[in-house]
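Engineer: Sequence and predicted model, in that order:
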Amino acid sequence: MTAATGHDSTAQQTFYLKDYTPFGFEVDSVDLTFRLAPNATRVISRIHFTPKADAADPQFFLHGEKLKLISASIDGVAVTPDVTPEGLVCTTPDTAFLWEAEVEIDPAGNTALEGLYMSNGMYCTQCEAEGFRKITYYPDRPDVMSTFTVRIEGDEEVLLSNGNPVSQGAGAAEWHDPWPKPAYLFALVAGDLVNHPDTFTTKSGRAVELNIWVRPGDEDKCAFGMDALKKSMTWDEQAYGREYDLDIFNIVAVDDFNMGAMENKGLNIFNSSCVLASPETSTDANFERIEAIIAHEYFHNWTGNRITCRDWFQLCLKEGLTVFRDAQFTSDMRSAPVKRISDVIDLRARQFPEDQGPLSHPVRPEEFQEINNFYTATIYEKGAEVIGMLKRLVGDGAYSRALDLYFERHDGQACTIEDWLKVFEDTTGRDLSQFKRWYSQAGTPRLKVDEAYEEGTYTLTFEQDTAPTPGQPQKDPRVIPIAIGLLNDNGDEVLPTTVLEMTEAKQVFEFKDLASKPVPSILREFSAPVVLERETSNAERAFLLAHDSDPFNQWEAGNSLARASRLSMVKTGSAPDPAYLDALQKLLRDDTLDPAFRALMLQPPSQSDIAQALFEDGTVPDPQKIDDAAETFAMTLAQQLADSLPRLYAATTVDGPYSPDATSAGKRALNGRILSLLTRLDGGDAAARQFASADNMTQQYSALASLMKAEKGETQSIAFFEKWQADRLVMDKWFALQVACASPDRAAGIAADLTRHPLFTLKNPNRFRAVMGALAGHHAGFHHASGAGYSLLAENLIALDKLNPQTTARMCTAFQTWKRYDSDRQSLIKAQLQRIASSGGLSRDTNEMVSRILNA
Ligand code: TRP
Ligand code: ZN
């Protein structure tokens, strides 16, 4: 199919893994001077290059984009390079030489938030993946590593860069980073900032100065992040033997930022929403996320910085591993089962649709047009799942020996997935060539299970199959670790968790000497990122919900009951399954269960999940019906619990001074679920009281959300706005809630009104995502039959693309599931995608996303 846009989608350059060629020069050292000025910053570079003797590509090409070249010289002699919009080429001597250049850039005019830009009057940088080329001419590729010395000249009170400080004086500062690094890890910050200082002593006795730098007024929101940083530093020493390696570690909070945070060497830069926390302004979920992101960026110091990627095709080398490590950290700090269940919910919500739609790509892609479009759930989250499988297959001991070897062998290098797998092969003697298919094959495998029982022998037959994905019509069988346990009729475990190693397309496993037919608990802990297909009865699901000793599968049993019940409600208009309602009520009251776990059990399957399940079942999903079923279910549950809800609400309310710890947060999560049920029955009295008396954002926010969902929160919403209008991060919550709590037929209209609100701006990605992300996440609202949701998003994406291609392209994913829906909705979406495609002057980022989605 060709998009009728007049655009030739093949006109854009595609980069291929197979074309990898090393750069023809060593970079011996980099020396940069920045003369800061909002619209005319001068960047002076002095770089020592040495030509490589056996270079496959001897051309001296330096990347550079949107730079005004003032002067260039080699060994002090002025040169005139050939300059294109992508960079420059220059003739160079055969021996080592000094390249000097001066360029001018415009940080204040940089709305793409890539390279050097200004946010609220402060200078900051974002160089991953290819932003350094917007700062100066340079071989901007991760396999080119060098030490950096940076001099910053500016009037700002705080002038920061990577590494250790060399000198600080009025109007200038100098930094030196002794660790060779690729340019994507470069960072600079300049602003009138204040710090929250602390110190850390590493296990070998090195004293490290720690700082979190923020705008004046935010000082009181740093303590939690600092504590998370120190915990991360200790954890990495204990769990991986990794110590910090500089005298200073700085974190800076920035309001305008395209993603969560960035691991620049010694100078992490954070979206302020991912570091600033206070009980009054942050929810429990915010606290947990901040702790995880601080850990993630800190862990990159070894997995990413000391050992980096050879090229961007290897992105999962650092991201998959670092997500895996931050998940281990969160499991150790909080509840491991709750973390696992939450991660699987997230994987299914974000990675599965990607892997099963037009944007499907391997964990290690082999081609791209714009690398920014590959910071995906597949690279990050599926990349982490692949490491979890590897660990399960080789065992914990071998995993930790392999990691020791990885750090020892590859420190200071830019590596590939082959290097990574080789340390496991060398440690264990295993052949991982079949396992490598997890990196090269896109798509989610479906795992079909059949069972038989005869004369004491129980047989499980597994069949794996992966549907074709773009560019990959044929799939080979993968190695799948299937953790299983067997239970007898009493619910006792007759086979404790055992890992079956499936390698064939179809494979049979036998279990002998069983007294009776067992009940299997399959894919415990979600041991592989697959879709399990098994004919089961609701009775068996209820049995596992009551007896499975694996908390993940216990939750999964409840989840599959919920899904089955919801599907039949949508398909046949039936009432909610009474057996499931009963089971839920029991769980809710079971005080032996962790409240956080009970809160997860009460979390209904997402409406998008139900749409996908219907689609796979051959039923065209009707978003309105799915929403109706969700409402009916919640109302029925509330009514059945009517007598006990006030008491349950009171019994689970957390009083006393707020603490963000996991135990209290779990209790508040359960209490919030109960409040949302109670609000359906009591006219909002309890929620209104909670809103009025709450001294923390978690309870205030859950009360407001419950009220607004019941259309009883108008007064409170206004009060909330008045109270918090000066706090950007809280206002993002307010904007998002207006849309998220709207009825399906009002969601798009409310979102449209909000884009005209004085506090709405296209320039702040957090604010844009608050409104447009909430709309895309409102399943029945976004997919409303009128198409108003689609056209509003398209209109805003077209406007945003002119300013910020990265965030625009990322939000195009809202359309990736379009093939699930009926032909009317499909043509409405297609028309909007074509409208974006033909809007003129589209960025490379957005152009790639729209054409991939359209060419489904
Ligand atoms: N490497 C960062 C991380 O995983 C994420 C990142 C990549 C990023 N590109 C970015 C962050 C652009 C902000 C902007 O933590
Ligand atoms: Zn990362």
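Structural biologist: Sure thing, it's come through. Residues are numbered from 1 along each chain as shown. Ligands and ions are numbered 1, 2, ... in the order given.
Engineer: Please count neighbours and contacts with C-alpha atoms only from this point.
Structural biologist: OK.
Engineer: show me the contacts for D404.
Structural biologist: By Cα atoms under 8 Å, 6 or more residues apart in numbering, the residues touching D404 are Y240.
Engineer: just A774 next, same as before
Structural biologist: A736, L737, V739, A740.
Engineer: Without its sequence neighbours, what residue ends up closest to A692?
Structural biologist: Leaving aside its chain neighbours, A692 sits nearest to Q700 (7.8 Å; criterion: Cα to Cα, 6 or more residues apart in numbering).
Engineer: Restricted to helices, list the contacts of A774.
Structural biologist: A736, L737, V739, A740 (DSSP state H).
Engineer: ok, back up a step: looks like the residue nearest to A692 contacts R689 (just checking).
Structural biologist: No: the criterion here is Cα atoms under 8 Å, and Q700 misses it with R689 at 9.9 Å.
Engineer: Please determine how far the residue nearest the centre of the chain is located from ligand 1.
Structural biologist: The chain has A377 as the residue nearest its centroid, 6.1 Å off, counting by Cα atoms, centre = their mean. Going from A377 to ligand 1 by Cα to the nearest ligand atom, to the nearest Å gives 11 Å.
Engineer: Kindly report the same for H176.
Structural biologist: 22 Å.
Engineer: A515: neighbouring residues, count only.
Structural biologist: For A515, the tally of surrounding residues (other Cα atoms under 10 Å) stands at 11.
Engineer: which ones are touching it?
Structural biologist: A515 makes contacts with G456, as judged by Cα under 8 Å, 6+ apart.
Engineer: Quick check: it is in a helix.
Structural biologist: No: under DSSP: H, G, I helix; E, B strand; the rest coil, A515 sits outside any helix and is assigned coil.
Engineer: Next, the residue nearest to the centre of the chain: phi, psi?
Structural biologist: Per-residue torsions, A377: phi -60, psi -30 (degrees, to the nearest 10).
Engineer: Surely it touches Q351?
Structural biologist: Yes: if you go by Cα under 8 Å, A377 and Q351 touch, sitting 5.0 Å apart.
Engineer: Pull up the per-residue confidence for E209.
Structural biologist: E209 carries a pLDDT score of 98 in this model.
Engineer: Could you list the contact residues of this protein toward ligand 1?
Structural biologist: Residues of the chain found near ligand 1 (Cα under 6 Å from any ligand atom) are Q126, E128, A129, N258, M259, G260, A261, M262, E263, E297, E319.
Engineer: Name the residue most distant from the centre of the protein?
Structural biologist: E455 (48.9 Å).
Engineer: Relative to ligand 1, how far out is that residue?
Structural biologist: E455 is 53 Å from ligand 1, where distance means Cα to the nearest ligand atom.
Engineer: One more: K391?
Structural biologist: Separation of K391 from ligand 1 (Cα to the nearest ligand atom): 22 Å.
Engineer: what's near enough to touch that residue?
Structural biologist: By Cα under 8 Å, 6+ apart, the neighbours of K391 are A398, Y399.
Engineer: Mind telling me what element it is part of?
Structural biologist: Here K391, judged by DSSP states H and E, is contained in helix 383-394.
Engineer: Out of the contacts of A774, flag the one nearest to R325.
Structural biologist: Distances from R325 to the contacts of A774, taken as Cα to Cα, are shortest for A736 (30.4 Å).
Engineer: After the helix or strand K230 falls within, heading C-terminal, what element do we hit next?
Structural biologist: In the assignment (DSSP H and E), K230 maps to helix 223-240. Downstream of helix 223-240, the first helix or strand assigned by DSSP H and E is strand 248-254.
Engineer: helices or strands next to that following strand in the packing?
Structural biologist: strand 207-214, strand 267-271 (3 or more Cα pairs under 8 Å, 6 or more residues apart in numbering; DSSP states H and E).
Engineer: ok so, going back, which one's more surrounded, Q700 and R689?
Structural biologist: Ranked by neighbour count (other Cα under 10 Å), Q700 and R689 place Q700 first, with 23 against 12.
Engineer: pLDDT on the helix or strand hosting the more buried one, on average?
Structural biologist: Element membership of Q700, judged by DSSP H and E, is helix 697-709. The average of the pLDDT scores along helix 697-709 is 98.
Engineer: follow-up on the earlier one: could you report the distance from the residue nearest to A692 to G713?
Structural biologist: For Q700, the distance to G713 equals 12 Å [Cα to Cα, to the nearest Å].
Engineer: before we move on, what about E451?
Structural biologist: According to Cα to Cα, E451 stands 52 Å off from G713.
Engineer: on contacts alone, who are the packing partners of the lowest-mean-pLDDT helix or strand in the chain?
Structural biologist: In the chain, no helix or strand scores lower on mean pLDDT, DSSP states H and E than helix 578-589, which sits at a mean of 92. If you count contacts as 3+ Cα pairs under 8 Å, 6+ apart, helix 578-589 packs onto helix 551-572, helix 595-602.
Engineer: Across the sheet, point out what pairs with I248.
Structural biologist: E209 (DSSP bridges).
Engineer: Verify the stated contact: it with N268.
Structural biologist: No: if you go by Cα under 8 Å, I248 and N268 don't touch, sitting 11.4 Å apart.
Engineer: Of the two, which one has the most company?
Structural biologist: Neighbour count, other Cα under 10 Å: between I248 and N268, N268 has more, with 23 against 19.
Engineer: for the more buried one, what are its contacts?
Structural biologist: Going by Cα under 8 Å, 6+ apart, N268 touches F249, N250, I251, V252, A261, M262, E297.
Engineer: I'd like those residues as TSV, with neighbour count appended.
Structural biologist: TSV is the format used below for these (neighbours: other Cα atoms under 10 Å):
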residue	neighbour count
F249	23
N250	21
I251	28
V252	23
A261	24
M262	26
E297	27
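Engineer: Spatially, which pair of these is furthest apart? Let me know, please.
Structural biologist: F249 and A261 (14.7 Å).
Engineer: tell me the contacts of the closest residue to ligand 1 within the stretch 701-850 of the chain?
Structural biologist: Proximity of the stretch 701-850 of the chain to ligand 1 (Cα to the nearest ligand atom) peaks at Q806, 8.2 Å away. Contact analysis of Q806 by Cα under 8 Å, 6+ apart lists A112, N258, N372, N373, D845, T846.
Engineer: Let me see the contact set for the closest residue to ligand 1 within the stretch 301-450 of the chain.
Structural biologist: At 6.0 Å from ligand 1, E319 is the closest residue in the stretch 301-450 of the chain, using Cα to the nearest ligand atom. Shown in contact with E319 (Cα under 8 Å, 6+ apart): G304, I379, Y380, G383, A384.
Engineer: To what extent is the last one buried, counted in neighbours?
Structural biologist: Number of residues near A384 (other Cα under 10 Å) recorded here: 26.
Engineer: Now do stretch 522-529: everything it contacts.
Structural biologist: Outside stretch 522-529, the residues that touch it by Cα under 8 Å, 6+ apart are 340, 344, 382, 385-386, 388-389, 392, 444-445, 480-485, 497, 550-553.
Engineer: for the residue in the stretch 451-600 of the chain that ligand 1 sits nearest to, helix, strand, or coil?
Structural biologist: Taking Cα to the nearest ligand atom as the measure, the stretch 451-600 of the chain has P529 as its residue closest to ligand 1, at 20.8 Å. Of the three states, P529 takes coil under three-state DSSP.
Engineer: Can you read off the pLDDT for it?
Structural biologist: 99.
Engineer: May I have the phi/psi pair for it?
Structural biologist: phi -80, psi 70.
Engineer: Measure how buried it is and give me the count.
Structural biologist: Per other Cα under 10 Å, the neighbour tally for P529 reads 23.
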